[in-house]
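Asks: Fold the following and give me the result.
(2 chains, ligands or ions: 1)
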Amino acid sequence: MRFHLTDDQRALRDGVRQLLARRFDREALWAAVAAPGLDRALWRALGEAGFFALRLPEADGGVGLGLPEAVLAFEEAGRALLPGPLIATHLAAGSVPGAATGEAVVTAVDGGLVEWLAEADVVHGGADRAPLPRPGEAVPLRSVDPLTPLHRVPGPGPGLGPDRARAGDPALVAVLLTAAEQLGTATRVCELAVQHARTREQFGQPIGAFQAVKHLCADMLVRAEVARAAVYAAAVTAGPADIATARLLAGEAALRSTRDCLQVHGGMGFTWESEVHLHLKRAWVRARRGGDVTDSEELLAADLVA
Amino acid sequence: MDLADTPEEREFRARLREWLAEALPALPPRPAPDDWPGRRAHDLGWQRMLYDAGYAHVHWEASASIRLIFLEETERAGAPYVGANFVGLLHAGPTIAAEGTAGQRARWLEPILRGEEVWCQGFSEPGAGSDLAALRTRAWRDGDDYVVSGSKIWTSHAEVADWCELLVRTDPSAPKHRGITWLAMPMDAPGVTVRPLRTLAGSAEFAEVFLDEVRVPAAHRVGDENDGWRVTMVTLSFERGTAFAGEVVACRRVLGELARTARENGRWDDPALRRRLGRLNAEFRALWRLTQWNVSAAEASGGVPGVGGSVFKLRYSHARQELYDTAADVLGPDSLDLDRPWTLDRLSSLSYTIAAGTSQIQRTIVAERILGLPKGR
Ligand SMILES: Cc1cc2nc3c(=O)[nH]c(=O)nc-3n(C[C@H](O)[C@H](O)[C@H](O)COP(=O)(O)OP(=O)(O)OC[C@H]3O[C@@H](n4cnc5c(N)ncnc54)[C@H](O)[C@@H]3O)c2cc1C
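Replies: Modelled structure (predicted):
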């Protein structure tokens, strides 16, 4: 058993992190919030770096890596709050021309919603294999996440019940990559909370010296670490039960830790200027993808008596 | 990143599995929880079988991956867990192996491995639990001996133990972390009185230990005089490290039994309950992955179990309680029957967020030692 990152995997993770720090720094993030729209140049840069073609065989012009590497890349995307239909485009590499290189933007219908519909070149049936929206059928929402425009389409589509989930199914891969993004969020908001707790002073000392704050932070780390083990293991096995586990643990970590991070930031956390709400809102959007949480719980219940 | 056995690990797993299939049917059932002498004999018998088959060292010398395989396979086969040997095998032994002299290793390690001697842990005192370094049990030097007076509390298995890993204060004038010494005390020494305490589960598995001018040879000191706090940290890192790993496998087995019970008694038709079971499945799968991750990371960096054990212990102790609370909902009125094994397990799970450092203390450790938050005043 060598269940730790190899040197190559560490290098890949660091490479993606550096690319995103260069091409999508906090200034770019806030610029995107102020003027929503998909940055096509950034999309192509991601394509060039192999983000979309990561799992495409080398013979087909891809990078030829596997799910563990994809999970590391999407974790970084989650950390950085990188916007766009990243997973749908990644899954379309190899089948939609231009997806692999970032020339095309591909989105997918999922759970009655479509992310980034107006900016996409191609719409897929997506995780739910739902019928594509006919013109005029998709209705824009005022999306809670300023960096994820959403359209609603008729019919929620089937969930990810035990009967549907088979290893290797792209719908399952989408669930796993979403979990990886949630893990990135959980890790990032823990860091943000710790940074703030170290510097913000009240009662003559950093608030991080107070046990109530300390314990919020400790719980954030514990959630992130348990989620990390679950997500990485699911990337190695690609089994439906492992992926459901990853989804439940990473989803919980992202949803609860973004809230705790907001709490640690106090009034500052409730302002638009603070990054915290962007993480929280994105975590909410991701939590709706790939069927309901209860589907994963049912799958894992069925697994107990299988 | 992979989860597959190496060829050496595969070979170990296969050999162990074969041996367990032969050895276990010969093992008598474990005596009831209130029969500690019976349990002691049983647990030592099992340790002896492991020794004779060459598996006794597995907690100390094998690679951590091999240790996980051992825990996984023994639990899967329904073999006993360490039981009365917990302290000897999982913390006193490893501490002596790491910090003891050659003579001390020769004296104490083999009997633990052969299943001849049982250890207990005399750390906590009535006035020193979470604040362990506040301990007041005194020891002063008299010739070749230390003379020890004071009292310890919550000492698990004290009644059936041969040796005690004992923390004593040897310099009352030093700052509280400095004047402590780690001693190996024979439990049959004159002046040692054990008064069993009844736990909320009704049995007497821990005790108060009164020490009245007990003479402990100075040669039984592990580490330097007044350097006991450092030795204690070694002990605690073993205690919180992989010591609970085998129990995760046990919890996963219980969860499967619960699901089958729910199917038989109709509770399975309740979607809320079914989903709770599904979530617990996720929880224990993830805890097992976390164990593998921690062990693999420690092995890759050549390290010993560090504060990462606190991360695991925090999450595991709560998950275990949730498991048995859910069991009660599966069993319904039967969950109030003490003759149902899960009822006792539910009661004993209440100790997991307290023993080996409370959840509050673990959180503080994670925040200060892993996240680097400032110490409170
Ligand atoms: C089943 C069982 C077996 C045990 N076996 C052994 C054994 O074999 N040998 C041994 O030496 N000990 C043993 N213990 C003792 C165990 O280690 C202590 O009970 C534990 O460390 C807590 O100490 P305490 O009981 O004195 O509680 P206290 O320290 O009095 O704590 C009471 C409450 O206050 C909280 N608290 C205390 N300090 C702080 C703080 N700084 N910040 C926040 N909250 C705080 C605690 O979290 C807890 O909720 C055992 C305990 C149990 C339950």
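Asks: ok, then the element right after the helix or strand containing residue B:289?
Replies: Following DSSP states H and E, one finds residue B:289 within helix B:271-300. For helix B:271-300, the following helix or strand on the C-terminal side (DSSP H and E) is helix B:308-331.
Asks: still on that earlier bit, gap between the helix holding residue B:289 and the chain center?
Replies: 20 Å (C-alpha atoms, centre = their mean, to the nearest Å).
Asks: Is there contact, residue-wise, from that helix to chain A?
Replies: Yes. Interface with chain A: helix B:271-300 contributes B:271, B:274-279, B:281-283, B:285-287, B:289-290, B:292-293, B:296-297, B:300 (C-beta under 8 Å from any C-beta of the partner chain). C-betas here are computed from N, CA, C, even on glycine.
Asks: Narrow those to those that are buried.
Replies: B:274-279, B:281-283, B:285-287, B:289-290, B:292-293, B:296-297 (16 or more other C-beta atoms under 10 Å in any protein chain shown).
Asks: Low-confidence ranges, the stretch 51-200 of chain A, go.
Replies: A:126-132, A:135, A:155-168 (pLDDT under 70).
Asks: mind listing the helices in it by residue range?
Replies: Here the stretch 51-200 of chain A has its helices, by DSSP state H, counting those that start in this stretch, at A:67-80, A:86-92, A:170-199.
Asks: Out of those helices, the one nearest the ligand is which?
Replies: When these are compared by C-beta to the nearest ligand atom, helix A:170-199 sits nearest the ligand, at 16.8 Å.
Asks: Can you get me the centre-to-centre distance for the helix or strand following that closest one and its chain?
Replies: For helix A:170-199, the following helix or strand on the C-terminal side (DSSP H and E) is strand A:201-202. Averaged C-alpha coordinates place strand A:201-202 at 34 Å from its chain's average position (C-alpha atoms, centre = their mean).
Asks: can you narrow the buried ones among the residues of helix B:271-300 next to chain A to ones near the ligand?
Replies: Checked against the ligand using C-beta under 6 Å from any ligand atom, these yield no neighbours at all.
Asks: rewinding a little: can you spell out which helices and strands pack onto the helix holding residue B:289?
Replies: helix A:211-237, helix A:240-269, helix A:293-305, helix B:64-76, helix B:245-265, helix B:308-331 (3 or more C-beta pairs under 8 Å, 6 or more residues apart in numbering or on different chains; DSSP states H and E).
Asks: what does the third one contact?
Replies: Right, helix A:293-305. A:159-162, A:165, A:175, A:240-241, A:244-245, A:247-248, A:251, A:287, B:255-256, B:258-260, B:263, B:268, B:271, B:274-279, B:281-282, B:285 (C-beta atoms under 8 Å, 6 or more residues apart in numbering or on different chains).
Asks: returning to that earlier point: what would the helices of the stretch 51-200 of chain A look like in JSON lines with mean neighbour count?
Replies: Formatted as JSON lines, the helices of the stretch 51-200 of chain A follow (neighbours: other C-beta atoms under 10 Å in any protein chain shown):
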{"stretch": "helix A:67-80", "mean neighbour count": "25"}
{"stretch": "helix A:86-92", "mean neighbour count": "27"}
{"stretch": "helix A:170-199", "mean neighbour count": "25"}
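Asks: Including distance to residue B:331, could these go into TSV?
Replies: Below are the helices of the stretch 51-200 of chain A laid out as TSV (distance: least, C-beta to C-beta, whole Å):
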stretch	distance to residue B:331
helix A:67-80	39
helix A:86-92	42
helix A:170-199	33
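Asks: mind checking which of those helices is nearest residue B:220?
Replies: helix A:170-199 (43.5 Å; C-beta to C-beta).
Asks: between the closest one and helix A:211-237, how big is the angle?
Replies: 150 degrees (axes from the mean of the first three to the mean of the last three C-alpha atoms, to 10 degrees).
Asks: Hey, what's the angle from helix A:170-199 to helix A:67-80? Just curious.
Replies: Using the same axes, to 10 degrees, helix A:170-199 lies at 40 degrees relative to helix A:67-80.
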